[in-house]
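# Quick one, fold the following:
(one chain, ligands or ions: 1)
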Amino acid sequence: MEGLVMRSTGSFYDVMTADGQRYNCRVRGKIRLEGIKETNPVAVGDRVEFDLLNDIGNITAILPRENHILRKSVKKKGHSHVLAANIDQAMLVVTLAFPRTSLGFIDRFLVSAESFRIPQVIVFNKKDLLDNDSLEEVLALMRLYQGIGVTCFSVSAKRSDLDELKRTLHNKTTLVAGHSGVGKSTLLNSISPEIKQTTGDVSSFTEKGTHTTTFAEMFRIDDTTYVIDTPGVKELGLVDMTEQEISDYLPEMRELRLDCKFGARCIHINEPGCRIKEAVTNGEIALSRYESYLSMVADDDNRK
Ligand code: GDP
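Predicted structure coming up:
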């Protein structure tokens, strides 16, 4: 039989077949998938083959992936595991209200998705709670991010007309992430009644969010539309990147790199007359993006 992995607990997998039937599966033997060394490589979004015995499925093969997204292991430093596979786009829910999402976090998420060649969407939520200055700030950020190819929305998860956002999700599998408290569950509930997520009281969260479920889960909105809800995205990761790779995953830096007289080895920090530093000075590249770049480069955990 063949199906789609909707949920994983690490040892059991919820697999849905084309007729909508769900099966509880596990992995008894070894599964081999080219290029992946993990002992337990099955991820949400994988298409798998399985045999059924006494109502329990045994996964025997993972069908070739279009892509996958890795996440750093919380328990084992230096390790990572596949968070989800076969994703069409990655959507980050953020807010400039409470708990305010930092630009550094947004940029890390975008760089990470870009490194896996996954298109990105940002939803600026809690529009109803913003004063005029913050609304202006959202518009400016939307211009910045749209300018580098990211699809952006400004919404109120509870009140907005979400039709345009729904059209962006339609016919695709979308990985959804965001810090606890930004309104991800509320938004998913508003998008589709199929998705039953518990929403929390924002006062019970610390700034960065405390409540964590551990595993990604896929929800079916219709035959061709799925969302993957991912908990605890802090570790979502810049896994092993050089300075050059990080700058290549910032599209506006990538675009100018060939113009730089220092060529591919330039890391845009101390090189005098570097084209990218010039672009930051004259405003072609936003200072916030350059600062995010510097912070990612400075963070040893990211690095090879
Ligand atoms: P999650 O942790 O990201 O899934 O956040 P929740 O969906 O649980 O929302 C956290 C809190 O923010 C809840 O109290 C929601 O009612 C509230 N909330 C979510 N979206 C909005 C919004 O657009 N406007 C307002 N005012 N509150 C919101």
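# Point me to the residue of the stretch 1-150 of the chain nearest the ligand.
Using Cβ to the nearest ligand atom, the closest approach of the stretch 1-150 of the chain to the ligand is made by K126 at 4.2 Å. (Glycine included, C-beta is placed from N, CA and C.)
# ok, and for the one helix or strand R7 maps to, which residues are buried?
Following DSSP states H and E, the helix or strand that holds R7 is strand 2-8. Residues of strand 2-8 classed as buried: 3-8 (neighbour count, 16 or more other Cβ atoms under 10 Å).
# Give the closest residue to L144 in space, chain neighbours not counted.
A286 (5.4 Å; Cβ to Cβ, 6 or more residues apart in numbering).
# Could you count how many residues lie near that neighbour?
By other Cβ atoms under 10 Å, the residues close to A286 number 21.
# and I87, how many neighbours does it have?
Taking other Cβ under 10 Å as the definition, I87 ends up with a neighbour count of 24.
# just the helices in the chain please.
103-115, 132-147, 163-169, 184-191, 243-248, 251-257, 275-281, 287-298 (DSSP state H).
# measure Y145 to S154 for me?
Remark: distance between Y145 and S154 (Cβ to Cβ, to the nearest Å) = 11 Å.
# of these two, who's got more company?
Neighbours of Y145 and S154, each counted by other Cβ under 10 Å, are more numerous for Y145; the result is 21 against 18.
# That one touches V121, doesn't it?
No: using Cβ atoms under 8 Å, Y145 makes no contact with V121, being 9.6 Å away.
# For those two, list the residues in contact with both.
Here Y145 and V121 have C152 as joint contacts, going by Cβ atoms under 8 Å, 6 or more residues apart in numbering.
# thinking the residue nearest to L144 is in contact with L141, fair?
No: A286 is not in contact with L141 according to Cβ under 8 Å; the separation is 9.3 Å.
# Low-confidence bits of this protein, can you list those?
Scanning the chain for pLDDT under 70 picks out 32-40, 73-79, 196-214, 232-239, 300-304.
# Please report the distance of the spatially most central residue of the chain from R143.
For the chain, the residue sitting closest to the mean C-alpha position, by Cα atoms, centre = their mean, is A90 at 4.6 Å. Counting by Cβ to Cβ, the gap from A90 to R143 is 20 Å.
# quick one, what contacts the residue lying farthest from the centre of the chain?
Residue farthest from the centre of the chain, counting by Cα atoms, centre = their mean, is N54 at 36.7 Å. Shown in contact with N54 (Cβ under 8 Å, 6+ apart): no residues.
# Look up how far G10 lies from R108.
Taken as Cβ to Cβ, the span from R108 to G10 is 25 Å.
# same check, this time on G178
In terms of Cβ to Cβ, G178 sits 23 Å off from G10.
# neighbour count winner among those two?
Set side by side, G178 and G10 show more neighbours around G178, with 25 against 10, by other Cβ under 10 Å.
# if I pick the more buried one, what's in contact with it?
92-94, 101, 184, 233.
# circling back to that earlier point, now the helices of the chain in JSON lines, with distance to the ligand?
Shown next, in JSON lines, are these (distance: least, Cβ to the nearest ligand atom, whole Å):
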{"stretch": "helix 103-115", "distance to the ligand": "14"}
{"stretch": "helix 132-147", "distance to the ligand": "12"}
{"stretch": "helix 163-169", "distance to the ligand": "12"}
{"stretch": "helix 184-191", "distance to the ligand": "3"}
{"stretch": "helix 243-248", "distance to the ligand": "27"}
{"stretch": "helix 251-257", "distance to the ligand": "27"}
{"stretch": "helix 275-281", "distance to the ligand": "33"}
{"stretch": "helix 287-298", "distance to the ligand": "22"}
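# The closest residue to G273 other than its chain neighbours: neighbour count?
Leaving aside its chain neighbours, G273 sits nearest to K261 (6.8 Å; criterion: Cβ to Cβ, 6+ apart). Residues lying near K261 (other Cβ under 10 Å) number 9.
# right, and K261 touches P272 too?
No: the pair K261 / P272 is not scored as a contact, 10.2 Å apart, by Cβ under 8 Å.
# Would you quantify the distance from the residue nearest to G273 to L96?
Counting by Cβ to Cβ - K261 and L96 are separated by 38 Å.
# Quick check, V138 in contact with A97.
No: shown here, V138 and A97 do not form a contact pair, counting by Cβ under 8 Å, at 10.0 Å.
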